[in-house]
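Peer 1: Make a model of this:
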Amino acid sequence: MTARMFLGATLFATAMLWAPPALAQQKTPDRPVPPSLQKPAQDRQRDAKKLEDPKAILARAADAIKKANVLRYRAQVGGEGVTTAAKTAVSFARADAGGWKISVVGDLLAKGPDASTKPLRTIEVGFDAITARSIRQNEKVVAEFDIRKPEDLRLFFNNHDAGASVVWEAIEDEPFASMLASPTLKTIGTDNVEGATCDVVQYEAAGADGATQIVEIAISIDDRLPRRVSRASKPAKPDEKPTSRVTTMTEVVPNDGVLGAFVLSTPDGFMVKSETPRKPKPEAPKREQGPKQPVAERGLLAKGSDAPAWTLKDSDAKEVSLSDYKGKVVVLDFWGSWCPPCRAAMPGIQKLHERYKDKGVAVVGMNFERNAAANPAKFMKDNGYTYALVLKAETIAEKYKVSGWPTFYILDTQGKVLWSAVGHDPAHEEQMEQVIEEALK
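Peer 2: Next up, the predicted model:
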């Protein structure tokens with residue numbers, strides 16, 4: 001599965017249409033363990049003779065997913081051995097470049113000892129096929145991350161309480177591919193899920209902590225779309241009780257209906273915080289080093305290295321070259337109007353341009369648009385951005401080791417790299433100003 005997998009200003013309007021209200025002191029139905037673990041072994045053996053091939057069930061389900069350009073449902077998440085539950089509205093839409101855009105909006109609930117629930121906080125997580133964002137209302141923070149790997153997307157959603165609402169197997173590049181490839185795949189019978197008769201298939205998978213999970217997915221025999229997902233830990237010892245997360249889907253609607261916002265705007269007064277949703281790796285033992293060499297920032301061009309030459313065209317089809325700026329400190333901003341963190345960073349880039357435009361500093365917007373109908377020059381004019389613009393920057397992105405948008409470089413008067421960074425961070429503006437000031441001395 002690629003990173004281009006699978007919310008905008010309309011978030012709260014759509015949330016009112018879609019997001020379920022917070023619930024206080026209500027019961028959330030829990031299924032302690034997957035249904036197959038509750039059924040007597042002899043019954044499972046007796047039913048096994050008449051069970052359908054699980055691969056045939058999943059093949060039909062995969063075909064139904066492939067026919068859907070959009071999909072929405074309500075999700076209720078509960079479980080045993082966990083302290084929270086959730087009620088969310090989930091939406092998917094296919095991205096132009098492939099994969100899925102995802103929106104999860106709703107409430108995270110705290111579970112009491114008697115299984116009652118009360119509101120804990122809101123869940124507002126979106127993925128626009130490039131960047132994942134989460135609005136943390138209690139903290140006045142918007143967390144974001146440019147997704148490069150499928151596992152990063154799932155981990156980001158898990159970290160922001162939205163992962164259990166998503167049927168990840170259904171939105172793989174090839175739906176249910178991981179299940180179909182599993183030697184443990186089997187059919188365990190049928191079940192009624194909120195009025196829908198479903199085939200239930202099961203397989204074993206590695207959980208986020210590396211432990212084995214028993215995963216069951218109930219698939220409606222009518223529309224072939226999922227209605228329930230159960231993920232239970234596999235007990236390592238006979239006397240160990242399993243923990244589980246059970247997600248029940250209702251109001252499942254393909255190719256129709258109001259969808260959530262996939263691009264989350266930054267509310268006024270909120271800070272944008274870039275995240276790296278990866279597990280920390282053990283620190284390598286320190287060894288004696290030789291003379292220090294320039295190192296790359298996050299895999300970008302090394303400090304002190306020569307910036308690759310380029311010649312591109314501006315919005316008037318005039319050729320512009322890096323060499324045109326020789327003798328000036330140059331700020332390069334690799335951006336696109338489709339990119340939320342790019343847009344969030346642009347006011348700060350404009351401030352740098354206004355502060356230093358008469359002091360030997362050139363700020364250049366290196367634009368890349370995914371939609372041929374996009375008009376970056378109009379976008380900049382409408383928003384009051386007046387620094388230089390060149391187009392088709394994706395043609396030199398590999399030379400500059402651009403793996404996420406936005407990417408920034410500051411070059412000295414001789415075209416050597418002074419500073420670089422990936423993503424939008426409010427601290428970047430101050431850092432860039434310090435580098436520029438030092439370079440102008």
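Peer 1: most centrally placed residue in the protein?
Peer 2: The centroid of the chain falls nearest to Ala132 when counting by CA atoms, centre = their mean (3.3 Å).
Peer 1: what's it in contact with, if anything?
Peer 2: By CB atoms under 8 Å, 6 or more residues apart in numbering, the contact list for Ala132 reads 125-126, 144-145, 147, 153, 156-157, 277. All C-beta atoms are positioned from the backbone trio N, CA, C, and that covers glycine.
Peer 1: what about it, which SS state?
Peer 2: Put simply, Ala132 is strand when judged by DSSP: H, G, I helix; E, B strand; the rest coil.
Peer 1: Among the contacts of Ala132, give me the pair with the biggest separation.
Peer 2: For the contacts of Ala132, the farthest-apart pair by CB to CB is Gly126 and Pro277; their separation is 14.5 Å.
Peer 1: quick one: which of the two has more around it?
Peer 2: Taking other CB atoms under 10 Å, Gly126 and Pro277 do not tie; Gly126 has more neighbours (28 against 19).
Peer 1: tell me which element the more buried one is part of?
Peer 2: If you go by DSSP states H and E, Gly126 is part of strand 116-127.
Peer 1: For that strand, name the packing helices and strands.
Peer 2: strand 26-27, strand 84-94, strand 100-111, strand 131-136, helix 150-159 (3 or more CB pairs under 8 Å, 6 or more residues apart in numbering; DSSP states H and E).
Peer 1: I'd like these laid out as CSV, including mean pLDDT and distance to Lys241.
Peer 2: Below are the helices and strands packed on strand 116-127 laid out as CSV (pLDDT from 0 to 100; distance: least, CB to CB, whole Å):
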stretch, mean pLDDT, distance to Lys241
strand 26-27, 39, 21
strand 84-94, 93, 18
strand 100-111, 92, 16
strand 131-136, 92, 31
helix 150-159, 89, 22
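Peer 1: Dump these to JSON lines, plus distance to Gly299.
Peer 2: Formatted as JSON lines, the helices and strands packed on strand 116-127 follow (distance: least, CB to CB, whole Å):
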{"stretch": "strand 26-27", "distance to Gly299": "48"}
{"stretch": "strand 84-94", "distance to Gly299": "30"}
{"stretch": "strand 100-111", "distance to Gly299": "26"}
{"stretch": "strand 131-136", "distance to Gly299": "18"}
{"stretch": "helix 150-159", "distance to Gly299": "15"}
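Peer 1: Quick check: which of those is nearest to Gly404?
Peer 2: Among the helices and strands packed on strand 116-127, the nearest to Gly404 by CB to CB is strand 131-136 (8.6 Å).
Peer 1: before we move on, the earlier item: just the buried subset of the contacts of Ala132, please.
Peer 2: Using 16 or more other CB atoms under 10 Å as the burial test, the contacts of Ala132 include 125-126, 144-145, 147, 153, 156-157, 277 as buried.
Peer 1: I'd like those residues as TSV, with distance to Ala345 appended.
Peer 2: Formatted as TSV, the buried ones among the contacts of Ala132 follow (distance: CB to CB, whole Å):
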residue	distance to Ala345
Val125	21
Gly126	18
Glu144	11
Phe145	15
Ile147	18
Leu153	22
Phe156	20
Phe157	24
Pro277	20
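Peer 1: For the stretch 151-300 of the chain, which segments count as helices?
Peer 2: Here the stretch 151-300 of the chain has its helices, by DSSP state H, counting those that start in this stretch, at 177-180.
Peer 1: in it, what spans have low per-residue confidence?
Peer 2: Filtered on pLDDT under 70, the stretch 151-300 of the chain yields the residue ranges 207-210, 235-240, 257-258, 276-298.
Peer 1: let's see 50
Peer 2: Scanning the stretch 151-300 of the chain for pLDDT under 50 picks out the ranges 278-297.
Peer 1: just the strands in it please.
Peer 2: With strands called from DSSP state E, counting those that start in this stretch, the stretch 151-300 of the chain shows them at 186-193, 196-206, 212-220, 226-233, 244-254, 271-274.
Peer 1: Only alpha carbons, please: show the second one as CSV.
Peer 2: Backbone C-alpha positions of strand 196-206 (Å, rounded to 0.1, in the frame of the first residue of the first chain) are rendered in CSV as follows:
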residue,chain,number,x,y,z
ALA,A,196,-27.7,-7.0,8.9
THR,A,197,-27.0,-10.7,8.3
CYS,A,198,-23.2,-11.0,7.9
ASP,A,199,-20.6,-13.5,7.0
VAL,A,200,-17.8,-13.4,9.6
VAL,A,201,-14.2,-14.1,8.6
GLN,A,202,-11.2,-14.2,11.0
TYR,A,203,-7.4,-14.0,10.7
GLU,A,204,-4.5,-13.3,13.0
ALA,A,205,-2.5,-10.1,12.6
ALA,A,206,0.3,-8.3,14.4
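Peer 1: Can you spell out which helices and strands pack onto that strand?
Peer 2: Packing partners of strand 196-206 (3+ CB pairs under 8 Å, 6+ apart): helix 35-38, helix 54-66, helix 177-180, strand 186-193, strand 212-220, strand 226-233.
Peer 1: Of all the ones you listed, which one is nearest Ala89?
Peer 2: Closest approach to Ala89 among these is made by strand 226-233 (15.8 Å; CB to CB).
Peer 1: Only the buried residues of the closest one, if you could.
Peer 2: Counting neighbours by 16+ other CB under 10 Å, one finds that the buried residues in strand 226-233 are 226-233.
Peer 1: Scan this protein for its longest helix.
Peer 2: When the chain is parsed with DSSP state H, its longest helix is helix 340-356.
Peer 1: Any idea how many residues pack against Leu185?
Peer 2: Neighbour count of Leu185, defined by other CB under 10 Å: 20.
Peer 1: Give me the number of neighbouring residues for the closest residue in space to it that isn't next to it in sequence.
Peer 2: Leaving out its chain neighbours, the residue that sits closest to Leu185 by CB to CB, 6 or more residues apart in numbering is Tyr203, at 4.5 Å. Tyr203 has 22 neighbours, counted by other CB under 10 Å.
Peer 1: how near is Tyr203 to Ala377?
Peer 2: Here Tyr203 is placed at a distance of 51 Å from Ala377 (CB to CB, to the nearest Å).
Peer 1: do Gly163 as well
Peer 2: Distance, Gly163 to Ala377, using CB to CB: 39 Å.
Peer 1: Which one's more surrounded, those two?
Peer 2: Remark: of Gly163 and Ala377, Gly163 carries more neighbours, 20 against 16, as counted by other CB under 10 Å.
Peer 1: In contact with the closest residue to that one other than its chain neighbours, which residues are there?
Peer 2: Closest residue in space to Gly163, ignoring its immediate chain neighbours: Phe157 at 4.0 Å, by CB to CB, 6+ apart. By CB under 8 Å, 6+ apart, the residues touching Phe157 are 102, 104, 125, 127, 132, 163, 166.
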